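*Asks:* sequence and predicted structure below; questions after.
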Amino acid sequence: MSVTQEIADRLEDAFSPTELNVIDDSESHRGHAGHREGGESHFNVKIRSAHFKGLNRLARHRAVHDALGADLIGRIHALSLDLST
């Protein structure tokens with residue numbers, strides 16, 4: 001399974017989002033730190049979920065990191081998050 005799909009699956013399971021976009025942005029970081037041939041190192045994630053209601057920005061980010069788990073986070077060099085309800 002691709003890292004992109006693994007991210008999407010874990011976030012779908014954790015947050016039942018009304019909107020979820022996981023974009024592998026690795027190619028735009030070619031030549032920069034953390035880039036790996038074949039991609040799947042840099043991601044942009046947009047999630048809209050009722051689970052974020054009442055959570056501040058830091059709590060939302062922590063919730064996403066917890067949902068992804070240390071094993072998956074360890075394989076990602078950069079993760080940009082756009083989180084709201």
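*Replies:* Arrived safely, thanks for sending.

*Asks:* residue 83 in helix, strand or coil?
*Replies:* For residue 83, the secondary structure call by DSSP: H, G, I helix; E, B strand; the rest coil comes out as strand.

*Asks:* neighbours around the nearest residue to it once chain neighbours are set aside, how many?
*Replies:* By the measure of CB to CB, 6 or more residues apart in numbering, the closest residue to residue 83 outside its immediate chain neighbours is residue 60, 4.4 Å from it. Every C-beta, even on glycine, is put in place using the N, C-alpha and C of the backbone. Using other CB atoms under 10 Å, residue 60 has 20 other residues around it.

*Asks:* same question for residue 19.
*Replies:* Neighbours of residue 19 under the rule other CB under 10 Å: 10.

*Asks:* hmm, back to that, contact partners for the residue nearest to residue 83?
*Replies:* Applying CB atoms under 8 Å, 6 or more residues apart in numbering to residue 60 gives the contacts 52, 81, 83.

*Asks:* and these, which of them are buried?
*Replies:* 52, 83 (16 or more other CB atoms under 10 Å).

*Asks:* show me how far stretch 55-69 is from its chain's centre.
*Replies:* 10 Å (CA atoms, centre = their mean, to the nearest Å).

*Asks:* just the buried residues of it, please?
*Replies:* For stretch 55-69, the buried set under the neighbour-count rule, 16+ other CB under 10 Å, comprises 60, 63, 64, 67, 68.

*Asks:* so where's the longest helix in the chain?
*Replies:* helix 57-73 (DSSP state H).

*Asks:* give me the distance between the residue at minimal distance from the centre of the chain and residue 81.
*Replies:* For the chain, the residue lying nearest the average C-alpha position, counting by CA atoms, centre = their mean, turns out to be residue 45 (4.7 Å). Separation of residue 45 from residue 81 (CB to CB, to the nearest Å): 5 Å.

*Asks:* what's the overlap in contacts for the two?
*Replies:* Jointly contacting residue 45 and residue 81 under the rule CB under 8 Å, 6+ apart are residue 64.

*Asks:* doesn't residue 25 make contact with residue 41?
*Replies:* No. Counting by CB atoms under 8 Å, residue 41 stays clear of residue 25, with 9.1 Å between them.

*Asks:* no more questions from me, cheers.
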